[in-house]
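**Q** here you go, sequence then predicted model.
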Amino acid sequence: MKKNNLRSYMAMSCIALGLLLSGCSQAEASQTEETTGATETIEAVAEETASDSAEKSGASDIDFSNGAPDSEVETIIGAEGAQDIVINSHNVQEATGSQYGDQYIAQDTVDVTYSAGELTGILPQTVSKSAGLYLNKDTGKWELLEDKLTACEVDNSLLPGSSWKSEILSVDSLNALFAGEIPSGDTGTLYIRFLKKMGLFSFNMDNENNTSSQRFFTTVGTGGKITWVGQAGTVEKSFNVTEGSVTDSGEMILAFTVGSASMDMHFGTDVAVCPEQEYDRALGLEVDASKVYMDDLATFDVTTTAIENGQWKNEIGLKEGNISPELSWDAVDGASKYAVIMLDKVANNWLHWYIITDKTHLDEGEFTTLEMGYAGPYPPETHEYTVYVIALASEPENIYCQLDTSGGDINSRLTDLNTASGSDSGNVLAYGVISGDYTPSELYYGNR
């Protein structure tokens, strides 16, 4: 073979070998890419599976052993209008497969007590309920899914002897109570006056009509007069109330009964407080200088160191020391005397303190006996005690006030004090008031 031919052959062989090697490299590269892609896909699936497992593991690993945080409970219960929320206890348990769905993993039954109706209502209330909160694993939030009323106490001391009116109830809605005696189309005002002695509300927490925000009660001995004062004349009837309800918003609904007719009256919406003087004038009752109307009097501030967090100190109680509370107020222009009166309105205006003084400050324990004019609280349960300080122009007439017994309301006592010892009326100048609850200790209550 010639040298030139040999060189050509070798060159062509190298080219062929190069092409062959190049093809192998490309195939190997392609196979590597496919293998790498598959590996990456497997890794992605593994990561996603691991993420799902972590999420599932995280839901089951949520620590709910302490139950719903108190701050969350207060927010949830407070959303219903509750105030001064007190959390009494928690009862926590797993809730897997609960009646509300698999997304809830824990249940916390929380016993709470709160105040209701104080901002917009007319009857301050203390409500207790058992609230069922469930932990949602998807959101990590506790949700209120069930609750049960367990107790309700209402301060209805405003009602005895009080006056009310409605200018929006129609003749058609009222005429059943008035036996059709109001002429059709008449316009006027409905006036209501409760008796000075009334039965207390009795709540049944198992009443099927109860809701989470409305509680039903019965009452005995609650009644008074309803009077329609219209353009065509005046019509008056006596009424009774045997049942009603109160709501968290403070509305009071009373079922008025006259004969066989009945009608619900909504106090706080349809019915509003009526000043006593307005009531007397509207019904043509006697209005003279000797009668005192609190709405016409000036007021002043009274302070005390004997109330802490809305509670009277235990020592003021009859069987806990019987130490009269400290009181202070500023002098009132024209006043030479001050009457101090403590009433338990829940117990039908039970009189615990009555003195006449020329001081504007009373020391703690300045009065400690019945003879000195003081008989401290001794209720069977929590009652509210109100102290009135009444500024007088001079010494009032010799008024007999029997301590430690029920008696007249503050309006009748003001009228008594309004006559001075010289038989002059207009003796009452102004008044101040301060209130607090008194709760007896467990071994405290007993008959005197």
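**A** Thanks, I have it.
**Q** give me the number of residues near the residue nearest to Gly230 when sequence neighbours are not counted?
**A** Distances taken as C-beta to C-beta, 6 or more residues apart in numbering place Gly188 nearest to Gly230, at 2.9 Å, with adjacent residues excluded. From N, CA and C alone the C-beta is placed, and that goes for glycine too. Gly188: 19 surrounding residues under other C-beta atoms under 10 Å.
**Q** just the CA trace of stretch 347-357, in CSV.
**A** Output in CSV follows, covering the C-alpha atoms of stretch 347-357 (Å, rounded to 0.1, in the frame of the first residue of the first chain):
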residue,chain,number,x,y,z
ALA,A,347,-84.1,42.3,101.1
ASN,A,348,-87.0,44.8,100.6
ASN,A,349,-85.1,47.9,101.7
TRP,A,350,-83.7,46.4,104.9
LEU,A,351,-82.4,49.2,107.0
HIS,A,352,-78.8,48.7,108.3
TRP,A,353,-77.6,52.2,109.2
TYR,A,354,-79.4,55.4,110.1
ILE,A,355,-77.7,58.4,111.8
ILE,A,356,-77.8,62.2,111.7
THR,A,357,-74.5,63.9,111.8
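**Q** starting at the chain centroid, how far to that stretch?
**A** Computed by C-alpha atoms, centre = their mean, to the nearest Å, the separation of stretch 347-357 from the middle of its chain amounts to 28 Å.
**Q** local confidence estimate at the residue nearest to Gly230?
**A** pLDDT for Gly188: 94.
**Q** where does this structure have low pLDDT?
**A** 1-60, 80, 118-120, 288-289, 442-448 (pLDDT under 70).
**Q** most centrally placed residue in it?
**A** Ala116 (1.1 Å; C-alpha atoms, centre = their mean).
**Q** so what's it up against?
**A** Neighbouring residues of Ala116 by C-beta atoms under 8 Å, 6 or more residues apart in numbering: Gly81, Ala82, Gln83, Gln125, Thr126, Val127, Thr247, Asp248, Ser249, Gly250.
**Q** which ones among those residues map onto helices?
**A** Nothing among the contacts of Ala116 maps onto helices, per DSSP state H.
**Q** strands - which of these land there?
**A** Those of those mapping onto strands are Gln83, Gln125, Thr126, Val127, Thr247, per DSSP state E.
**Q** list the contacts of the second one.
**A** Gln125 sits next to Ser115, Ala116, Gly117, Glu118, Cys152, Glu153, Val154, Asp155, Val246, Asp248, Gly250 when contact means C-beta under 8 Å, 6+ apart.
**Q** from Val271, how far off is it?
**A** 18 Å (C-beta to C-beta, to the nearest Å).
**Q** run a quick neighbour tally on the closest residue to Asp404 other than its chain neighbours.
**A** Distance criterion C-beta to C-beta, 6+ apart; nearest residue to Asp404, sequence neighbours excluded, is Ala375 at 4.2 Å. A count of neighbours around Ala375, defined by other C-beta under 10 Å, yields 22.
**Q** ditto for Thr382
**A** Neighbours of Thr382 under the rule other C-beta under 10 Å: 14.
**Q** now it: how far from Pro124?
**A** 12 Å.
**Q** so how far is stretch 295-310 off the chain centroid?
**A** 22 Å.
**Q** pull out the buried positions in that stretch.
**A** Phe300, Val302, Thr304, Ala306, Ile307 (16 or more other C-beta atoms under 10 Å).
**Q** what residues are up against the first one?
**A** When you say that, I think you mean Phe300. Counted by C-beta under 8 Å, 6+ apart, Phe300 has contacts Trp329, Asp330, Val332, Val389, Ala391, Ala430, Tyr431, Gly432.
**Q** excluding chain neighbours, what is closest to it?
**A** Gly432 (4.5 Å).
**Q** how about the one you found, what does it touch?
**A** Thr299, Phe300, Asp301, Val302, Trp329, Tyr388, Val389.
**Q** ok, now Ile85?
**A** Taking C-beta under 8 Å, 6+ apart as the test, what Ile85 contacts is Val73, Glu74, Ile77, Gly78, Val112, Thr113, Tyr114.
**Q** and if we set it to 10 Å?
**A** Applying C-beta atoms under 10 Å, 6 or more residues apart in numbering to Ile85 gives the contacts Asp70, Val73, Glu74, Thr75, Ile76, Ile77, Gly78, Val112, Thr113, Tyr114, Ser115.
**Q** quick check: the gap between the closest residue to the first one other than its chain neighbours and Gly67.
**A** Looking back up the chat, that one is Asp70. The shortest distance from Asp70 to any non-neighbouring residue, by C-beta to C-beta, 6+ apart, is to Ile87 (5.3 Å). According to C-beta to C-beta, Ile87 and Gly67 sit 10 Å apart.
**Q** any idea how many residues pack against Gly170?
**A** Let me fix one detail, which is that residue 170 is Ser and not Gly. There are 9 residues near Ser170, going by other C-beta under 10 Å.
**Q** is it in contact with Thr187, as I believe?
**A** Yes - the pair Ser170 / Thr187 is scored as a contact, 9.5 Å apart, by C-beta atoms under 10 Å.
**Q** can you list the strands that the longest strand seen in the chain pairs with?
**A** Criterion DSSP E: the longest strand present in the chain is strand 214-230. With DSSP bridges as the test, strand 214-230 is paired with strand 188-194 (antiparallel), strand 202-203 (antiparallel), strand 233-247 (antiparallel).
**Q** packed most tightly, which of the ones you listed would that be?
**A** Most buried of these, by mean neighbour count (mean count of other C-beta atoms under 10 Å): strand 188-194, with a mean of 21.
**Q** quick one: that one to chain centroid distance?
**A** With C-alpha atoms, centre = their mean, you get 27 Å for strand 188-194.
**Q** hang on, the earlier thing: and the contacts of Ala116, which of them are buried?
**A** Applying 16+ other C-beta under 10 Å to the contacts of Ala116 flags Gly81, Ala82, Gln125, Thr126, Val127, Thr247, Asp248, Ser249, Gly250 as buried.
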